[in-house]
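Undergrad: sequence first, predicted model second:
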Amino acid sequence: MRLRSVIRWEFLRTIQSKQFLIISLLIPAVLAIAIFAATSADKAAQQSLREPPPPFVVALILAMILFMGAFLSGVMTLYSVVKEKQGRVVELVLSSISAQEMMAGKVIGLGIAGLIQVAVWVVAAYFVASRFTPISLAALGPVHWITYPLYFVLGFMLIASIYAATGAVMKDVQSGGASGLVGLVPYVPIMFSAFIIENPNHVLVRIAGFIPPFTPSVMLLRVGIGAAAAWEIALSLVSLTVGVLLTMRFAARIFEIGLLMYGKAPSVRELWRWGRMRHAR
Amino acid sequence: MDHAALRVQGIVKDFDGLRAVDRVSLEVNRGEILGFLGPNGAGKTTSIRIILGIFQPDEGEISIRIDGLTGRLLKERTGYLPEERGLYSDATVLDALVYFAELKGLRRADARERVLRWLGRFDLVPWANKKVEKLSKGMQQKVQFIAAVAHEPDLLVLDEPFSGLDPLHQDLLKDVIRELRDAGTAVLLSAHQMNQVEELCDRVFLIHRGRQVFYGTLDEIKSRDGEHVVRLRFEGSAESLAALPGVENLAVRGDRASLRLGRGASPDAFVRSLPAALTVRELSVTRPPLHDIFVRAIEKENHEAA
C-alpha cells in the first residue's frame, strides 16, 4: 500500500519532468534524422539496406537500447536520491517508511518510467528502420518475446539498485568518485560485443552469460544470434534473478546507511562492511 | 493507570567509537508535552532518529502504546518535524503534503481532505497549488508542520518548530500544539528557546554528551536548587541589598537591580527585610528561569568533565 504510493509518486514525478520528455523524444528523433541523412547520401548503404539485417544487428541494437535506457534510468535514480538527500527530504521519508521501501519504490517507479522510455525508442526505431529495410517482427521467435523482456526488466533493476546505492553515498551530484565506476560493470560486455558476436559459443562468453552483471547484455546477444541453448537461457535467468535480489539487498543496506550521512564519501572497504551489516547505524 | 504513549529504555548508539547516545530512558505520556533539551551536539537529533525508527539503537528498546496496546514502533502513528527542513521543493504544496500523508497510511482522498483543512488553518489555501520552493521560509515551516500532523499521529516529535517563525506564527503554532496535546497526542518537543519550552512543557529532559542531566517536571527542576531570582526597579540606594541574608550576585545598573537568593533564603523573609531607604517601583521574585538552569547545568557538567 505504502510501497504503491512511493512507486506512483516516483513514477509520476519522473515522467512529468522536462529531462524525461526531452530524453524520450529528442534522442530517437535525432537518431532518426542522423540515419536518414547518412543513408540518403550513401548509395552503398542504401543498397545494403535492401536486404533484411542479420539477427545479430537487431540483437545488438536492442542490447544498446537496453543499456542506454537502463543507464539513463539509473542516472535518474541516482540524481533523485542525491537531490532528496541534499534537500533533506530523506529524513522525513524515513520517519514514515523503511530505507528498503524507499529504495524499492524508487527503483521500481523510475524503472517503469525507464521501460516506457525504452518501449518508445524500440517502437520508434522499428518504424524508422522499417522504412529503409525489410525488417519484420516475424523474425522474432517466442524465445525472444519471452526472454528479452525478462532480461530488460532484470537488467534494469540490477543497474538501478547499483545507482540508487551510489546516490545514497554521494555528497552531491558533482562528486562521483570510485563508487560511480561500479555502475559501469554491466556495460563491460558491450565493449566486447564484436568478440561475442563472432564467438557466441566461446567458453568465456558462455561463462560470462551466467555472471549476473554481464548476463543481460551477453545473453541478449547470444539469444539474438540463436547461439544460446534452452538450459543456458534458463540458468542465466535464474542466476540473474538471484544476482538482482542479492544486489538489491546489498544496495539497500548501503542506501540505508549512506542516506543520512553528510560527511565525506565512504571508502570501498567501508561500503563492503555496510553492505553486510544487519542494522543501520 | 499507565499513560505512557512512548517508552524509551536505555538506548545506546555509537558512531565510530564515539558514544552519541548513552543509556537514555524516558517516557512521553498521552496528552503531555515533554521538553527535550540540550546544547548543540548533545545527542538530541540522534536520540530522536532512534525514537522514530530512522536509526536502530545499538542497545535499548523503544516501545509505543496506542489504544492500550504496547508494541514496537509503528511509523504510521508518529509525526515528525525534523530540524533540517526538507520537502520536495519542485512539487506543489498540496501534492507533497498528500504524498507524505499517504506514506503514513492514509487513503488519497482522506489525505487530501485533511491536508486542505490544515492548509486552511494556517492560511495557506491560496498556496496549495504553488511549488514549495516559491514559498517563504516561514510558510515552508508551516507546510513542514502540516506534514508532521496531517495524519493525526499519537506521538508527535517536533525538532525546533519555532525557528524561522515570526512571533504571530509562533503563537499560532503554540496554540495548535496545545490543542493536539489536549486531544491526547504525546508530544516530544526539542527547542532552544527556553521561554517557549517553559510555556508549553509539563516535563523536561536535559541531555548533554549523550547522557541524561536531569529529567522531571518543570516544578521539580526549578525547585531543585532552592534558588530565586529577584529583579527590581527602585529609587534610592540599592547597595544595602548586598548585606541582606542569602543575597548573591547583586548587579545594579541605573535604577534597576538584579540578584540571586541562594538556597534556603526565603523570598518572604527577603521582601520583609527590604530596607526602608529603598523605594521599590517594581519587584519580581521568581524561581530561576529555565534558561539559567539550562546554562548553569551545562556549565557545571563541562566543568566536571574538564
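TA: Here it is on my side, so go on.
Undergrad: can you name the residues bridging to the residue in the stretch 151-300 of chain B that chain A sits nearest to?
TA: Of all residues in the stretch 151-300 of chain B, the one sitting closest to chain A is B:Val157 (8.1 Å; C-beta to the nearest C-beta). To be clear about C-beta, it is placed using only N, CA and C from the backbone, and glycine gets the same treatment. For B:Val157, the beta-bridge partners are B:Tyr80, B:Leu188 (DSSP bridges).
Undergrad: pretty sure it contacts B:Ala186?
TA: No: using C-beta atoms under 8 Å, B:Val157 is not in contact with B:Ala186; the gap is 9.4 Å.
Undergrad: common neighbours of those two, please.
TA: The overlap between the contact sets of B:Val157 and B:Ala186 (C-beta atoms under 8 Å, 6 or more residues apart in numbering or on different chains) is empty.
Undergrad: quick one: the helices in the stretch 101-250 of chain A, in order.
TA: For the stretch 101-250 of chain A, helices defined by DSSP state H, counting those that start in this stretch occupy the ranges A:142-169, A:179-182, A:188-191, A:193-198, A:203-208, A:215-225, A:230-259.
Undergrad: state the mean pLDDT of the second one.
TA: Model confidence over helix A:179-182 averages 63 on the pLDDT scale.
Undergrad: dump the residue contacts of residue 96.
TA: Since you didn't name a chain, this refers to chain A. A:Ser96 makes contacts with A:2, B:75-76, B:100, B:103-104, as judged by C-beta under 8 Å, 6+ apart.
Undergrad: the chain in question should be chain B.
TA: B:87-88, B:132, B:143, B:147.
Undergrad: mind running it again at 6 Å?
TA: With contacts defined as C-beta atoms under 6 Å, 6 or more residues apart in numbering or on different chains, the neighbours of B:Ala96 are B:87-88, B:132.
Undergrad: for it, which three-state class applies?
TA: helix (DSSP: H, G, I helix; E, B strand; the rest coil).
Undergrad: just the pLDDT for it.
TA: pLDDT at B:Ala96 comes out at 95.
Undergrad: quick one: name the residues of chain B near chain A.
TA: Residues of chain B lying near chain A by C-beta under 6 Å from any C-beta of the partner chain: B:52, B:54-56, B:75, B:80, B:82, B:84, B:86, B:88-89, B:99, B:102-104.
Undergrad: just the ones of the residues you listed in strands?
TA: Under the assignment DSSP state E, the residues of chain B next to chain A contribute B:Tyr80 to strands.
Undergrad: which of the residues of chain B next to chain A sits closest to chain A?
TA: Nearest to chain A among the residues of chain B next to chain A: B:Gly86, at 3.0 Å, using C-beta to the nearest C-beta.
Undergrad: which positions in chain A make contact with chain B?
TA: Selection of chain A residues close to chain B by C-beta under 6 Å from any C-beta yields A:2, A:5, A:9, A:87-89, A:91-92, A:94-97, A:279-280.
Undergrad: who wins for neighbours among the residues you listed?
TA: A:Ser96 (28 neighbours; other C-beta atoms under 10 Å in any protein chain shown).
Undergrad: and that one, what element?
TA: Under the criterion DSSP states H and E, no helix or strand holds A:Ser96.
Undergrad: tell me which two in the residues of chain A next to chain B are the farthest apart.
TA: A:Trp9 and A:His279 (26.8 Å; C-beta to C-beta).
Undergrad: and the residue of the stretch 51-200 of chain A that's closest to chain B?
TA: For the stretch 51-200 of chain A, C-beta to the nearest C-beta, closest residue to chain B: A:Arg88, 3.0 Å.
Undergrad: show me the shaky parts of chain B.
TA: B:1-2, B:66-73 (pLDDT under 70).
Undergrad: any chance you could map the strands in the stretch 1-150 of chain B?
TA: B:4-15, B:18-29, B:33-37, B:59-66, B:69-71, B:78-81 (DSSP state E, counting those that start in this stretch).
Undergrad: quick one, the third one and strand B:18-29 angle?
TA: In this case it means strand B:33-37. On the basis of axes from the mean of the first three to the mean of the last three C-alpha atoms, to 10 degrees, strand B:33-37 is oriented at 160 degrees to strand B:18-29.
Undergrad: identify the residues contacting strand B:33-37?
TA: Residues contacting strand B:33-37 (C-beta under 6 Å, 6+ apart): B:28, B:181, B:187-190, B:197, B:200-206.
Undergrad: tell me the angle that strand makes with strand B:4-15.
TA: 20 degrees.
Undergrad: ok, back up a step: could you export the contacts of A:Ser96 as a markdown table, including distance to A:Lys106?
TA: As requested, the contacts of A:Ser96 are arranged in a markdown table below (distance: C-beta to C-beta, whole Å):
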| residue | distance to A:Lys106 |
| --- | --- |
| A:Arg2 | 13 |
| B:Lys75 | 18 |
| B:Glu76 | 20 |
| B:Phe100 | 16 |
| B:Leu103 | 13 |
| B:Lys104 | 19 |
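Undergrad: so which of those wins on neighbours?
TA: B:Phe100 (30 neighbours).
Undergrad: so what's that one up against?
TA: Per C-beta under 6 Å, 6+ apart, neighbours of B:Phe100: B:Ala147.
Undergrad: helices or strands up against the one helix or strand A:Leu12 maps to?
TA: Per DSSP H and E, A:Leu12 falls inside helix A:2-15. Applying 3 or more C-beta pairs under 6 Å, 6 or more residues apart in numbering or on different chains; DSSP states H and E, one finds that helix A:2-15 contacts helix A:99-132, helix B:93-103.
Undergrad: quick one: that helix to chain centroid distance?
TA: How far helix A:2-15 lies from its chain's middle: 19 Å, per C-alpha atoms, centre = their mean, to the nearest Å.
Undergrad: now it - C-alpha only, PDB.
TA: Provided in PDB are the C-alpha atoms of helix A:2-15 (Å, rounded to 0.1, in the frame of the first residue of the first chain):
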ATOM      1  CA  ARG A   2       2.700   2.500   1.000                       C
ATOM      2  CA  LEU A   3       5.100   1.000  -1.500                       C
ATOM      3  CA  ARG A   4       2.500   1.500  -4.200                       C
ATOM      4  CA  SER A   5       2.300   5.200  -3.100                       C
ATOM      5  CA  VAL A   6       6.100   5.600  -3.400                       C
ATOM      6  CA  ILE A   7       6.200   3.900  -6.800                       C
ATOM      7  CA  ARG A   8       3.300   6.000  -8.000                       C
ATOM      8  CA  TRP A   9       4.900   9.200  -6.700                       C
ATOM      9  CA  GLU A  10       8.400   8.500  -8.200                       C
ATOM     10  CA  PHE A  11       6.900   7.400 -11.500                       C
ATOM     11  CA  LEU A  12       4.700  10.500 -11.900                       C
ATOM     12  CA  ARG A  13       7.400  12.900 -10.800                       C
ATOM     13  CA  THR A  14       9.800  11.300 -13.300                       C
ATOM     14  CA  ILE A  15       7.500  11.300 -16.400                       C
END
